[in-house]
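**Student:** Next come a sequence and a model predicted from it.
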Amino acid sequence: MMNLETLHYPTMSSDSLNWQDFDASGLRFAVVVARFNSAITEKLLEGAEEALTKAGAAQHEVYRVPGAFELPLAAKMLANTHRYHGVIALGAVIRGGTPHFDYVAGETARGLQDAALETGVPVAFGVLTTDTIAQAESRAGGADGNKGFDAAMTAIEMARFAFRVAD
Ligand code: INI
């Protein structure tokens, strides 16, 4: 595994991180990506794959669904196969002029949490919910990092957490 301390990983304070928690060797992941706002979500996928590769994940498989609203069911189906130690859900919900945003963003978040809690398989929430495209771009490999990368790191940490609890 490469030295992950050199990576830009802004989600948490590096002071409190135990870098051994991010060794993904032997671990398998499913990445499910929404096609809606694909210019953004494909960047999130690049970030997630960078994290998985650098952390030494044994395998990952990429699946695509139409939009963020479809992520929870896909994540639950993938978790239920028990082929994966974690599922990484990637999407971008960008506010328009109608309440549609609130339904899609809210149900996606709730559904992904339900998928994790109902299956016991970690599901990482790599879904951007922003007011503007510029805010999304900034979080998909721009000035604010790459939330796909962060989501993959979270899935790795939670997969290892599951092993520790089961031990
Ligand atoms: N899906 C997204 O992933 N992002 C969005 O911003 C979005 N907006 O704004 O509508 C969106 N809508 C589609 C939705 O996810 C479903 O695919 C669709 O409603 C069919 O179920």
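**Tutor:** All right, it came through fine.
**Student:** Which residue, neighbours along the chain excluded, lies closest to residue 66?
**Tutor:** Excluding the flanking residues, the one nearest residue 66 by Cβ to Cβ, 6 or more residues apart in numbering is residue 35, at 5.8 Å. For every residue, glycine as well, the C-beta is placed using N, CA and C.
**Student:** model confidence over stretch 46-61, on average?
**Tutor:** Averaging pLDDT along stretch 46-61 gives 95.
**Student:** What's the end-to-end length of that stretch?
**Tutor:** Using Cα to Cα, to the nearest Å, the end-to-end distance of stretch 46-61 comes to 13 Å.
**Student:** List the buried residues for it?
**Tutor:** 47-52, 54-57, 60 (16 or more other Cβ atoms under 10 Å).
**Student:** Nearest to the ligand, out of the residues you listed: which one, please.
**Tutor:** Proximity of the buried residues of stretch 46-61 to the ligand (Cβ to the nearest ligand atom) peaks at residue 48, which lies at 16.0 Å.
**Student:** Do I have it right that the closest one meets residue 154?
**Tutor:** No - using Cβ atoms under 8 Å, residue 48 is not in contact with residue 154; the gap is 10.3 Å.
**Student:** before we move on, the earlier item: find the pair from the buried residues of stretch 46-61 with maximum spatial separation.
**Tutor:** Farthest apart among the buried residues of stretch 46-61 by Cβ to Cβ are 47 and 56. That separation is 16.5 Å.
**Student:** residues touching the closest residue to the ligand within the chain, list them.
**Tutor:** The nearest approach of the chain to the ligand comes at residue 67, 2.3 Å away (Cβ to the nearest ligand atom). Applying Cβ atoms under 8 Å, 6 or more residues apart in numbering to residue 67 gives the contacts 34-36, 91, 104.
**Student:** hang on, residue 93 packs against residue 128?
**Tutor:** Yes - using Cβ under 8 Å, residue 93 makes contact with residue 128 at a distance of 6.9 Å.
**Student:** Nearest residue to residue 42 in space, ignoring adjacent ones along the chain?
**Tutor:** Residue nearest to residue 42 in three dimensions, not counting chain neighbours: residue 33, with 7.5 Å by Cβ to Cβ, 6+ apart.
**Student:** Name the helix or strand for the one you found, please.
**Tutor:** Taking DSSP states H and E as the definition, one finds residue 33 inside strand 28-34.
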